[in-house]
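Participant: structure for the following, please:
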Amino acid sequence: MTNFKNPALKELTDQQVRFAPPARRLAQLTNAEHLLAEVEPNKQYPYQYICFRITEYRPDSYPDLLIDSRDLEHDLCLFIEALARSTPAVPVDAVAEPVLTLEQISQQFNVSTKTISRWRERGLTSRRVVCNGRRQVGFLQSVVDRFLATNKARVERGSRFSQLSEGEREDILRRAKRLSRVNSSTLTEVSRRIAQRLGRSPETIRYTIKNYDRDHPDQALFPANVGSLDADTKQTLYSSYRRGIPVETLAKRFHRTRNSVYRIINEVRAQRLLSQPLEYINHASFDDPTLETEVLARMPGLDDYESQRQQMRIPKDAPPELASLYETPLLNKEQEQHLFRKMNFLKHQAAKLRAKLDPARARIQDLERIEELQNQATAIKDQLISSNMRLVVAIAKRHSAQTDNFFELLSDGNMSLIRAVEKFDFSRGNKFSTYASWAIMKNFARSIPEEKRRRERYVTGHEQMFEAAPDMRSDEQEMVSSVEQTKHRVNRLLEYLDPRERQIIRMRAGLDNYSEGMTLEEIGQQLGITKERVRQLNVRIMAKLRDIAREQKIDMP
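Facilitator: Purely as a prediction, here's the structure:
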C-alpha cells in the first residue's frame, strides 16, 4: 500500500504535508479519519466533496472527477499515514477518543505486532502519540472498530494462526530458559533459533517470551533494562568501543540494545567534545552566509607556496634537531590573514554546533561535523606554527648567551608561539610575526631571569660530587616505598591526560610496556608525526602536568 490510486489525492496530500501548519494538518487528519469511516462500498465520490470534507475548502480543480469507494479508501489511508508522520506526537489524554497502543491491540486480538504491521498496510491507520512519556504508534478506537468490521475474517484468521497450545508454549519457554543462559544471548537471537527448530515465525516466539516476562517479572528470561547506566559505566562502554570491541558484543555485555549502545557512545562522545576548551577570535563576517565561500576558499598563492615547499633545502650547518624547521616555507601577510580568518571561522562554526548539542540526544552527524571542523582548524593551526618556527629559533639565538640550555629556551619559545597563534587578532591588520616576536621576547624576559635565580639559589660548588656519590642513608625498604609512592603519583597525574598524551609520556619515560625511554624520533615514527612535533607535544604535556600537579597539590616526581 505505497502508491496512490488517484493523482488528484496524491497532489492534495503533498500540498497539505508541505504547506499546511501542524495544527491544521492535525485537524485534517481527524476529518480524513471520519470520512474514511463513512465510505460506502460500490459508490463513487466527487473529488471536490472529498477535498471539502478534509480541508473544509471546496476547490475549483477536477470539477468532474469521481473516485471509486475502493480507490478512495486506499488513498485516504495513505493520506492519513502521510499526515500522521508529518505532525508532532500528541499526548494520549489530548485525543478526543480512546487510543490503543500497539501492545494493547496485540493483546486484545492475540496476534503479534508483525501481524498488526500487515494490517496497517490493509487500512488500519495510526497516529503518533505520547503515552507514559514515550512516543508510540497509537490507533483510535473508532479506527480499530471500523477495521474489525470490514476485515472480520482477516482478524479471526490472524488470531487463530497466532494461538499456541499450552504444550507448545511450555516448550518455547523451556528452550528459551536454556538458551538465555548461553553467552548472554539476546531475545532476538533466541527467538530466531527456536523459530527455526519449531517451524514457527520468530515474531510469534518473541511475543510468547515477552508475554511471559511481563506476567512473571521476578522470573523474567529477558528482564527489561530501562534504568540509566551510571557515568563510570558509560565511560567504560565508550572506552571499550574505542578499543575496537563491536557494538553487538557491548550490547550483550551491558544487556542493552544496539540502539541504546549507540546512544550511550554518542552521549559520552558529546560530553568529551563539550569538555574540550574552544577559544577563538570572533569576527562580524562569520555570521554573514554570503562570505562563507570566500572565507573557506583556497589560500592565496597556494600553487607558488607548494612549489616553494618542494624546493626547500636544509642548510648544511643546521643541527639535526632543527632540520624539520626548513621544510615549510614562510607565509606572506595575505596568506597569514587568510589562514587565521579561516581557522577562527571553523572554530566559530564548531562552537555554534556545540552550543546546540544535547549529549542525551546527540546525533552522530552533528558529532562528526563538529570534530571535522575542529580537526580542520587544528590542521591550519599546525601550518601556522610550522611556518613560524624559524622565528622562534632566530629570537632564541639572540638570547642563548643568557642561558646554558638552548633547546630548553627553544621549547619555551615554541610554547609562546603556540599561544600567540591562538590569541592573534587577524582583524587588526598586523603581521603575525610582529605580534609573535613580542610575545616570545616578553616570555623570555620573564623566564630567563627566573631560571638564573633558580640556578644561583642551588649553586653549591660541589654539584658533580653530589651527582656521582651514592646516598648511603636510605635502606632498601625506604627505596621500595619511595618508588611505590612515586609510581602512585605518576599514575594519578596521567589520569588527567588524553590517551595520546599518556602514550607519549609513557613512551618517553619508559613506563608500562615501554621498558626503555624512546627517543623523539622513535616516538614520531610510531605516531606518524615529525620529531619536532613530538618535542613540542612533550613540552606542552609536561607543562600541563605541572599545572595539574599544582592544582591537585601532587608532588611532581
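Participant: give me the number of residues near the closest residue in space to Tyr305 that isn't next to it in sequence?
Facilitator: Excluding the flanking residues, the one nearest Tyr305 by CB to CB, 6 or more residues apart in numbering is Pro329, at 6.0 Å. All C-beta spots, glycine's among them, are computed from the backbone N, C-alpha and C. Applying other CB atoms under 10 Å, we find 18 residues neighbouring Pro329.
Participant: what's near enough to touch Pro329?
Facilitator: Tyr305, Gln308, Arg309, Met312, Ser387 (CB atoms under 8 Å, 6 or more residues apart in numbering).
Participant: and the end-to-end length of stretch 273-280?
Facilitator: Distance across stretch 273-280, first residue to last, is 16 Å (CA to CA, to the nearest Å).
Participant: buried residues, it. List them.
Facilitator: Leu273, Tyr280 (16 or more other CB atoms under 10 Å).
Participant: how far off centre is it?
Facilitator: Chain-centre distance of stretch 273-280: 15 Å, with CA atoms, centre = their mean, to the nearest Å.
Participant: cool, and stretch 270-290?
Facilitator: 17 Å.
Participant: what's the answer for stretch 142-161, then?
Facilitator: 44 Å.
Participant: verify the stated contact: Ile370 with Lys347.
Facilitator: No: if you go by CB atoms under 8 Å, Ile370 and Lys347 don't touch, sitting 10.5 Å apart.
Participant: re earlier: name the SS class of the residue nearest to Tyr305, please.
Facilitator: For Pro329, the assignment made with DSSP: H, G, I helix; E, B strand; the rest coil gives coil.
Participant: coming back round to it: can you flag the buried ones in the contacts of Pro329?
Facilitator: Judged by 16+ other CB under 10 Å, buried ones among the contacts of Pro329: Tyr305, Ser387.
Participant: pLDDT score for the residue nearest to Tyr305?
Facilitator: With respect to pLDDT, Pro329 scores 89.
Participant: swap in Arg175?
Facilitator: pLDDT for Arg175: 90.
Participant: pretty sure it is in a strand, no?
Facilitator: No: according to three-state DSSP, Arg175 belongs to no strand; its state is helix.
Participant: for it, which non-adjacent residue is spatially closest?
Facilitator: Using CB to CB, 6+ apart, the nearest residue to Arg175 is Ile194, at 5.1 Å.
Participant: give the contact list for Phe340.
Facilitator: By CB under 8 Å, 6+ apart, Phe340 lies in contact with Ile281, Leu384, Phe424, Phe426, Phe432.
Participant: now do 10 Å
Facilitator: Ile281, His283, Leu331, Ile380, Lys381, Leu384, Val421, Phe424, Asp425, Phe426, Ser427, Phe432 (CB atoms under 10 Å, 6 or more residues apart in numbering).
Participant: then Lys347?
Facilitator: Contacts for Lys347 (CB under 10 Å, 6+ apart) come out as 278-282, 286, 373-374, 376-378, 380-381, 422.
Participant: that one and His283, how far apart?
Facilitator: Applying CB to CB, to the nearest Å, the value for Lys347 to His283 is 11 Å.
Participant: strands along the chain, start to end?
Facilitator: 44-46, 66-68, 90-91, 99-101, 127-131, 134-140 (DSSP state E).
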